[in-house]
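Colleague: Sequence and predicted model, in that order:
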Amino acid sequence: MVTRREFLDTLAVGAAGLAINATAKSYAQIAGSNERLNFAVIGLNGRAYAHLSSLKANQAAANITCVCDVESNILARFAGGARQLGFDPATEKDFRKILERKDIDAVTIATPDHWHTPMAILALQAGKHVYVEKPCSHNPGEGALLVQAQQKYGKLVQMGTQQRSSPHTIAIIDKIHSGLIGRPYFAKCWYDNSRKSIGKGKEVPVPPTLDWDLWQGPAPRQPYKDNVQPYNWHWFRIWGTGETLNNGTHEVDVCRWSLGVDYPNRITSSGGRYAFNDDWQFYDTLVTSFEYDDKMISWTSASCNAMHTYNRGRGSVIEGTTGSVLVDRDGYEVYDLHGKKTGEFKVAANQQTSTSDLIGADSMTDAHFANFIAAIRKGEKLNASVSIGNVAVTMLQLSNIAWFVNRELNLDPANGKIKNDAEAMKYWSREYEPGWAPKI
């Protein structure tokens, strides 16, 4: 019997014929099979396979009605994988046709970052609930607009910070808030990986399988180069948001959740592209500080050197007046003021995660989808509504801005806007391809 992760990894490279052992999670029985929510999955490379896996885990309450991607081979491969799992989705290249359909209740968005807010807003306007991967926006202005759109149109928007639905993370943060380590005042988090160079891209003809114009969508038009699609767009500012938003969103969200804080007063950010000389437009190494009146969060990113911190590729340490907690996706450890371990919890070995896993199918994502479904069906509170998720996203986008302008940013902690710095505020939004700017 193969594991679900092995199965999904196999699907991702196009192999077929395996079986999956998927167990429905806590909310799987919230609706009968004839009352299932109809989902459309949009953007089908990588993380979308975790969406597929989690909708399978919640199949008693969810059906995949349609799948969508602008690249025909990716679309065909994903649709085939969905059919292996018992779904029978229609296929579409243009997501706007999905939004016209009255039989779709919710969409999940796993596209490149520059699409997240424009697509989510159009989905809300079409009366759909939205599950959008982090980051929920490409820039701070978009995030604020998406929060406003959700409030205006009244449908639910869950952001894919799935650790918000992790039972052990919920439990340990509740304990921190109840005084486990005294008054928490400092949280530090990190992400380490060993990514390779993306080289110098060459302009080449657009592959016949790809609709390059629709892929770019709201972003100003660029020639097609051979080192962008399907993953390296993360490292180009016009489409991506760098490692900080790619992975830091998760850990910084856990830190601010633990400390009970929102927007900071000041942000400093320093680093650079040190490992390689290539087309990568962000840093590979970055250190950021988010400063509050009496608390602080630090974020460290090391994209190209997997020398782990605390023997982990990613995680957070919360320090308080009487002790500390180390928490990651696989469990937590509790320490006293002298660094002596006083307690710990570990998830089962077959549920542990990998820093280099680009799909991330796991029980946390199952629970996050279950929470989303229960919120739609039964009014349960979302664990990561966009109004909550957008705070960490905006903080990290401001971290990028501090790096762009190479100076400290002073913020209005009520809304995160930059004070007394017109140059930095130019990065609050972006230029759009004519006709594609999101509006509510």
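Modeller: That came in fine, so what should we check first?
Colleague: just the helices in the stretch 1-150 of the chain please.
Modeller: 4-12, 48-57, 72-84, 95-100, 116-125, 140-153 (DSSP state H, counting those that start in this stretch).
Colleague: can you tell me which of those helices the model trusts least?
Modeller: Across the helices of the stretch 1-150 of the chain, helix 4-12 has the smallest mean pLDDT, namely a mean of 46.
Colleague: Which single helix of the chain contains the most residues?
Modeller: Ranked by residue count under DSSP state H, the longest helix found in the chain is helix 386-405.
Colleague: Please report how far the residue nearest the centre of the chain lies from Gly323.
Modeller: Taking C-alpha atoms, centre = their mean, the centroid of the chain lies closest to Lys134, which sits 2.4 Å from it. Distance, Lys134 to Gly323, using C-beta to C-beta, to the nearest Å: 30 Å. (Glycine included, C-beta is placed from N, CA and C.)
Colleague: One more: Ser399?
Modeller: For Ser399, the distance to Gly323 equals 28 Å [C-beta to C-beta].
Colleague: More neighbours: which of the two?
Modeller: Ser399 (27 against 21; other C-beta atoms under 10 Å).
Colleague: dump the residue contacts of the more buried one.
Modeller: Thr244, Gly248, Ile267, Ser269, Leu286, Thr288, Phe290, Trp299 (C-beta atoms under 8 Å, 6 or more residues apart in numbering).
Colleague: which among those gets closest to Ala57?
Modeller: Using C-beta to C-beta, Gly248 comes nearest to Ala57 of the contacts of Ser399, at 26.9 Å.
Colleague: List the contacts of the closest one.
Modeller: The contact partners of Gly248, taken as C-beta under 8 Å, 6+ apart, are Cys189, Tyr191, Trp299, Ser301, Leu396, Ser399.
Colleague: doesn't it fall inside a strand?
Modeller: No - per DSSP: H, G, I helix; E, B strand; the rest coil, Gly248 lies outside any strand segment and is helix.
Colleague: where in the stretch 201-350 of the chain is pLDDT low?
Modeller: By pLDDT under 70, the stretch 201-350 of the chain has no low-scoring segment.
Colleague: Does Cys255 touch Ile318 like I think?
Modeller: Yes - the pair Cys255 / Ile318 is scored as a contact, 7.1 Å apart, by C-beta atoms under 8 Å.
Colleague: Quick check: neighbours shared by those two?
Modeller: Taking C-beta under 8 Å, 6+ apart as the contact rule, Cys255 and Ile318 both touch Ala187.
Colleague: one step back: tell me the contacts of the closest residue to the residue nearest to the centre of the chain other than its chain neighbours?
Modeller: Nearest non-adjacent residue to Lys134, counting by C-beta to C-beta, 6 or more residues apart in numbering: Thr249, 4.3 Å away. Listed by C-beta under 8 Å, 6+ apart, the contact partners of Thr249 are Lys134, Pro135, Thr161, Gly389, Ala392, Val393, Leu396.
Colleague: likewise Val287?
Modeller: Val287 neighbours (C-beta under 8 Å, 6+ apart): Ser269, Ser270, Gly271, Ser298, Trp299, Thr300, Ser301.
Colleague: which secondary structure element contains it?
Modeller: strand 285-291 (DSSP states H and E).
Colleague: Can you redo the contacts of Thr249 as JSON lines, where the extra columns are distance to His114?
Modeller: Listed next are the contacts of Thr249 as JSON lines, based on distance: C-beta to C-beta, whole Å:
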{"residue": "Lys134", "distance to His114": "14"}
{"residue": "Pro135", "distance to His114": "11"}
{"residue": "Thr161", "distance to His114": "19"}
{"residue": "Gly389", "distance to His114": "18"}
{"residue": "Ala392", "distance to His114": "19"}
{"residue": "Val393", "distance to His114": "14"}
{"residue": "Leu396", "distance to His114": "16"}
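Colleague: mind listing the strands for the stretch 251-400 of the chain?
Modeller: Along the stretch 251-400 of the chain, counting by DSSP state E, counting those that start in this stretch, strands occupy 266-272, 285-291, 296-302, 314-320, 323-328, 331-336, 341-346.
Colleague: my guess is Glu133 meets Trp115, correct?
Modeller: No - if you go by C-beta under 8 Å, Glu133 and Trp115 don't touch, sitting 10.2 Å apart.
Colleague: what touches both of the two?
Modeller: Counting by C-beta under 8 Å, 6+ apart, the contacts common to Glu133 and Trp115 are Ile109.
Colleague: The strand ranked longest in the chain pairs with which strands, parallel or anti?
Modeller: Across the chain, the longest stretch assigned as strand under DSSP state E is strand 184-192. Partner strands for strand 184-192, per DSSP bridges, with pairing direction: strand 296-302 (parallel), strand 314-320 (antiparallel).
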